[in-house]
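Coordinates for the following, if possible.
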Amino acid sequence: MSNPFEKSDRSYDVLVNEEGQHSLWPTGTAVPDGWETVLAGRPREECLAYVETNWTDMRPRSLRTSVA
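The predicted model follows:
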């Protein structure tokens, strides 16, 4: 059984939660509570590039602000 989260031949969405964490989801998959779509219907590689550019600190937002 193949993993729908790793197929390169379909489109994906980039989701972000309130902690600033990013996730790739296959387009058309229900967005979980607490997450919002910031990039939709794009090739997997484009979504990965977006995440690499925009999620530069892996720490949750609450941790980043508490130590700042």
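
give me phi/psi at the residue nearest to G34 when sequence neighbours are not counted?
Leaving aside its chain neighbours, G34 sits nearest to N17 (5.3 Å; criterion: C-beta to C-beta, 6 or more residues apart in numbering). C-beta: built from backbone N, CA, C; applies to glycine. Here is the backbone geometry of N17 (degrees, to the nearest 10): phi -100, psi 180.

For N17, give its distance to E45.
N17 sits at a distance of 23 Å from E45 (criterion: C-beta to C-beta, to the nearest Å).

Also W55?
16 Å.

before we move on, what about N54?
Separation of N54 from E45 (C-beta to C-beta) stands at 15 Å.

Between these two, tell me which one has more neighbours.
The residue with more neighbours, out of N54 and E45, is N54; 13 against 10, by other C-beta atoms under 10 Å.

need the contact list for the nearest residue to the more buried one once chain neighbours are set aside.
With C-beta to C-beta, 6+ apart as the criterion, N54 has its nearest non-adjacent residue at 7.0 Å, and that residue is H22. Residues counted as contacts of H22 (C-beta atoms under 8 Å, 6 or more residues apart in numbering) are V14, L15, V16, V51, N54, W55.

Show me what stretch 29-39 is in contact with.
With C-beta under 8 Å, 6+ apart as the test, stretch 29-39 has contacts from 4, 13-18, 23, 25, 46-47, 50, 54.

how about 10 Å then?
With C-beta atoms under 10 Å, 6 or more residues apart in numbering as the test, stretch 29-39 has contacts from 4-5, 12-19, 21-25, 27, 40, 46-47, 49-51, 54.

end to end, how far does it reach?
Using C-alpha to C-alpha, to the nearest Å, the end-to-end distance of stretch 29-39 comes out at 14 Å.

buried sites along it?
Residues of stretch 29-39 classed as buried: W35, L39 (neighbour count, 16 or more other C-beta atoms under 10 Å).
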